[in-house]
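> A structural model of the following input is requested.
(chains A and B)
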Amino acid sequence: MMRFVLTMLAALLIGPVAAFAQDQEPLHITITDGVIEPLPFAIAGFIPETPDAADMASQLTQVVSNDLTGTGLFREIPKSAYIQNISAFDTSVKYSDWQAINAQALIVGAVSMQGGKVAVKFRLFDVFSGQQMGDGQQLAASPASWRRLAHKVADVVYSRITGEGPYFDSRVVFVSESGPKGNRQKRLAVMDYDGANVTYLTDASTIVLAPRFSRDGTKVLYTTFETGFPRIKMLDVATASARLLPEVPGTMTFAPRFSPDGSKIVYSMEQNGNTDLWMMDVASGQTQRLTTSPSIETSPSFSPDGSRIVFESDRSGTQQLYIMPVAGGDATRISFGDGRYSTPVWSPRGDMIAFTKQNQGRFHIGVMRTDGSEERLLTSSFLDEGPTWSPNGRVIMFTRETPGAQGEAALYSVDISGRNLKKTPTPGPASDPAWSPLLP
Amino acid sequence: MKFAVKATLALSILGLAACSNPDKYGSGAVGPGGALGPGGAGGITQGSISDPNSPAYFKQTIGDMVHFTVDQSTLTDQARGILTQQASWLVGHPGYTAIIEGHADEQGTREYNLALGARRASAVQEFLISQGVAGNRLRTVSYGKERPLALCSTEECYSQNRRAVTVISQSAMGS
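A predicted model of the protein is given here:
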């Protein structure tokens, strides 16, 4: 596993003192506000400080810019508009030159190759306040991990300006699809959150469904038909080795999800046509039944503190969302709108539940408070399903499938305000995304 | 970060799996049209559809498939008629076992549809048992919405996809 050296350069990087700081609120975007205009920023650099860092510098600059503009919250000012030429990392920032082109934020960075590693340093300036935002930072990684360096830089910029947690340096496990609709081939794959660096984790020899990361990102649970029947498999991400979880003969098991501490797995088991929720201790394989209803209980998800489970059940006659204590027992229904609700996923911040809603022939991705209040639908299409949260709980990725014999699935993301709906690039059709935690 | 890709081809040994290849929907081994197309599922369609002892008779003359209404697993009168004949055939041909596949249309979320398909397969299994077929000759599996038979996105296709298929094979069932 790669490691970042994260060094505060406070002493080195005390920027030129802003003698005439304007009377201005500090730079800030509040995501839940009705932001219409993306915040304009300039990115002067990354400046190559060793001759062999030139290519890396331009690639890093591009990824940092793509991360920020990809949120829909930022807009990059074209370099052709720049007035000041910042040719070295320590060049004094002439704020008036950046104010003149209405750059609200300025990123100054530099890249060098040092002992086989890529070293990056950067500073962020609040142009209209005339001061540096936070300390400068320096990071280093192997050349193969250069995109992670860029994501880390963009994460710092994003976090400082929005006040939200970072999420660019993360991965997504998903199902890569090929072949005709009636005989779809499915493989597990993992990629960077933005679709880069796709790696396949299984071959296409059997149907695989709905992978989910452990909270530490080291393991993935998924459902496989490799025995001929749906069963849960646990995969070690670093080695791609996987093992089937123990099962009761004659049953089907699916819809697994890890507890926050990774010690337990909640999942659905079908016996004699009835599907209930069960809990398995990962180390011992011991199981405990959580529901005993003749209805379908599936798609369970833990609260981040591990104390409760949200799940879907059709015990009322249609699929609805319920929350119960982690040991089972009385469940409280939280969905009461029109239509049916399914695939609930607890947000990493603990404040919201994302879900799929079917109503009047359309599918939606939505969010609600954990008590069912403040329901908001973020998307609408022929078939949207299976939301997964970004590590900071601000963006949701999901599957969107188009209708008809030529219909295909793709991954889309949307922020929790309903803005910035966009397709995540994948090598081919793709479904069932699950976001990793922020990488270490 | 590096991921080694490892093939996961090893099938678990199931008594049931011996001849019937329950993973027939995997790649490569699937014949044209999957289980339901010509030559699918290990040649069980051999024989004449007019020979009452042939698997082809079971599959095509009696019919190996029943259909369901939206989001339901209740057997219709038509389904009961077909299943009564299936049961009678299975009782008369004790050398055969069956896997009952439950399927759903695409108008539902993936995991719910797996559970719904299991309900449908189980409804068929229970009916066959009620008609005298030994329970240990039957097993169920659900494919949810993963293997539609008809590919359009209208009720005309959905009604064909909400199905349970009794796939017979001439193999010893594990105890």
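> hey, let's count contacts and neighbours off CA atoms from now on
OK.
> hang on, residue B:61 packs against residue B:48?
No: judged on CA atoms under 8 Å, residue B:61 makes no contact with residue B:48 at a distance of 9.8 Å.
> would you put the C-alpha positions of stretch B:72-84 in PDB?
Provided in PDB are the C-alpha atoms of stretch B:72-84 (Å, rounded to 0.1, in the frame of the first residue of the first chain):
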ATOM      1  CA  GLN B  72     -47.200 -11.600  -7.500                       C
ATOM      2  CA  SER B  73     -46.200 -15.200  -6.900                       C
ATOM      3  CA  THR B  74     -49.700 -16.600  -6.800                       C
ATOM      4  CA  LEU B  75     -50.300 -19.400  -9.300                       C
ATOM      5  CA  THR B  76     -53.000 -18.700 -11.900                       C
ATOM      6  CA  ASP B  77     -55.500 -21.300 -12.900                       C
ATOM      7  CA  GLN B  78     -53.600 -21.700 -16.200                       C
ATOM      8  CA  ALA B  79     -50.300 -22.200 -14.200                       C
ATOM      9  CA  ARG B  80     -52.000 -24.800 -12.000                       C
ATOM     10  CA  GLY B  81     -53.100 -26.700 -15.100                       C
ATOM     11  CA  ILE B  82     -49.600 -26.800 -16.500                       C
ATOM     12  CA  LEU B  83     -48.000 -27.700 -13.200                       C
ATOM     13  CA  THR B  84     -50.500 -30.500 -12.600                       C
END
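> per-residue confidence for residue 21?
Going with chain A. On pLDDT, residue A:21 comes in at 38.
> Chain B was what I was after
Predicted confidence (pLDDT) for residue B:21: 41.
> Please apply the same query to the one 4 residues further on.
Here, the pLDDT recorded for residue B:25 equals 57.
> And the one 4 residues further on, by the same measure?
pLDDT for residue B:29: 35.
> now swap in residue B:15 and tell me
Listed pLDDT for residue B:15 reads 33.
> Next: the one 3 residues further on.
At residue B:18 the predicted local distance difference test score is 34.
> same deal with residue A:213?
98.
> Correct me if wrong: it contacts residue A:435.
Yes: between residue A:213 and residue A:435 there is a contact under CA under 8 Å: 7.2 Å.
> Identify the contacts common to these two.
Residues touching both residue A:213 and residue A:435 comprise residue A:173, with contact defined as CA atoms under 8 Å, 6 or more residues apart in numbering or on different chains.
> Pick out whichever of the two has more residues nearby.
More crowded of residue A:213 and residue A:435, by other CA atoms under 10 Å in any protein chain shown: residue A:435, with 28 against 24.
> what about the chain, any weak spots by pLDDT?
No chain in the question, so chain A it is. A:1-25, A:30-36 (pLDDT under 70).
> The intended chain is chain B.
Low-confidence segments of chain B (pLDDT under 70): B:1-46, B:172-175.
> Next one: stretch A:264-283, is it in contact with chain B?
Yes: for stretch A:264-283, a contact with chain B is found by CA under 8 Å from any CA of the partner chain, at A:270, A:272-275.
> distance between that stretch and the chain's centre?
26 Å (CA atoms, centre = their mean, to the nearest Å).
> CA atoms only for that stretch - export them in CSV, please.
Output in CSV follows, covering the C-alpha atoms of stretch A:264-283 (Å, rounded to 0.1, in the frame of the first residue of the first chain):
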residue,chain,number,x,y,z
LYS,A,264,-20.2,-8.6,11.0
ILE,A,265,-22.2,-9.0,7.8
VAL,A,266,-25.9,-8.3,7.4
TYR,A,267,-27.5,-10.1,4.5
SER,A,268,-30.7,-11.7,3.1
MET,A,269,-31.2,-15.4,3.2
GLU,A,270,-34.1,-17.1,1.3
GLN,A,271,-35.5,-20.3,2.6
ASN,A,272,-38.6,-22.0,1.1
GLY,A,273,-39.4,-18.8,-0.8
ASN,A,274,-39.2,-16.5,2.2
THR,A,275,-36.4,-13.9,2.4
ASP,A,276,-35.4,-12.6,5.8
LEU,A,277,-32.4,-10.6,7.2
TRP,A,278,-29.6,-12.4,9.0
MET,A,279,-26.3,-11.4,10.7
MET,A,280,-23.1,-13.3,10.4
ASP,A,281,-20.0,-12.9,12.5
VAL,A,282,-17.1,-12.8,10.0
ALA,A,283,-14.5,-14.6,12.2
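> who's in contact with the most centrally placed residue in chain A?
With distances taken as CA atoms, centre = their mean, residue A:390 lies nearest the centre of chain A, 2.8 Å away. Going by CA under 8 Å, 6+ apart, residue A:390 touches A:167, A:396-397, A:435-437.
> From these, which land in strands?
Mapping the contacts of residue A:390 onto strands (DSSP state E) picks out A:396-397, A:435.
> what helices or strands is the longest helix seen in chain B leaning on?
Taking DSSP state H as the criterion, chain B has its longest helix at helix B:110-130. On a contact count with 3 or more CA pairs under 8 Å, 6 or more residues apart in numbering or on different chains; DSSP states H and E, helix B:110-130 meets strand A:274-281, strand A:297-302, helix B:77-92, strand B:97-103, strand B:138-144, strand B:163-169.
> Report the inter-axis angle for it versus strand B:138-144.
Interaxial angle of helix B:110-130 relative to strand B:138-144 (axes from the mean of the first three to the mean of the last three CA atoms, to 10 degrees): 160 degrees.
> Can you give the distance from helix B:110-130 to the centre of its chain?
10 Å.
> Same question for stretch A:316-332.
With CA atoms, centre = their mean, you get 26 Å for stretch A:316-332.
> Check which residues of it are buried.
Neighbour-count burial for stretch A:316-332 flags A:318-326, A:328, A:331 (criterion: 16 or more other CA atoms under 10 Å in any protein chain shown).
> Name the surrounding residues that touch it.
Taking CA under 8 Å, 6+ apart as the rule, stretch A:316-332 contacts A:289-291, A:302, A:306-314, A:333-336, A:340-342, A:344.
> What subset of those is buried?
Buried residues within the contacts of stretch A:316-332, counting neighbours by 16+ other CA under 10 Å: A:289-291, A:302, A:308-314, A:333-335, A:340-342, A:344.
> Indicate the residue of the stretch 51-200 of chain A located nearest to chain B.
Evaluated by CA to the nearest CA, the stretch 51-200 of chain A has residue A:182 as its residue closest to chain B, separated by 5.2 Å.
> List the beta-bridge partners for the residue nearest to residue A:421 when sequence neighbours are not counted.
Distances taken as CA to CA, 6 or more residues apart in numbering or on different chains place residue A:414 nearest to residue A:421, at 4.3 Å, with adjacent residues excluded. On the basis of DSSP bridges, residue A:414 is bridged to residue A:396.
> Tell me how far residue A:414 lies from residue A:57.
The gap separating residue A:414 from residue A:57 is 30 Å, by CA to CA, to the nearest Å.
> Would stretch A:334-347 count as contacting chain B?
Yes: looking at stretch A:334-347 against chain B by CA under 8 Å from any CA, the contacts come from A:342-343.
> Endpoint to endpoint, that stretch covers what distance?
Using CA to CA, one end of stretch A:334-347 lies 15 Å from the other.
> Could you pull out the helices in the stretch 1-150 of chain A for me?
For the stretch 1-150 of chain A, the helices defined by DSSP state H, counting those that start in this stretch occupy A:54-70, A:95-100, A:146-162.
> mind giving me TSV with the ones you listed and columns for mean neighbour count and distance to chain B?
Shown next, in TSV, are those (neighbours: other CA atoms under 10 Å in any protein chain shown; distance: least, CA to the nearest CA, whole Å):
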stretch	mean neighbour count	distance to chain B
helix A:54-70	19	18
helix A:95-100	16	38
helix A:146-162	22	10
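> Residue B:142 is nearest to which of these?
helix A:54-70 (39.5 Å; CA to CA).
> now for the closest one, which elements pack on it?
Against helix A:54-70 (3+ CA pairs under 8 Å, 6+ apart) you get strand A:39-48, strand A:74-76, strand A:105-114, helix A:146-162.
> any chance of the ones you listed in JSON lines, with distance to residue A:298 too?
Conversion of the helices and strands packed on helix A:54-70 to JSON lines gives the following (distance: least, CA to CA, whole Å):
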{"stretch": "strand A:39-48", "distance to residue A:298": "42"}
{"stretch": "strand A:74-76", "distance to residue A:298": "39"}
{"stretch": "strand A:105-114", "distance to residue A:298": "46"}
{"stretch": "helix A:146-162", "distance to residue A:298": "35"}
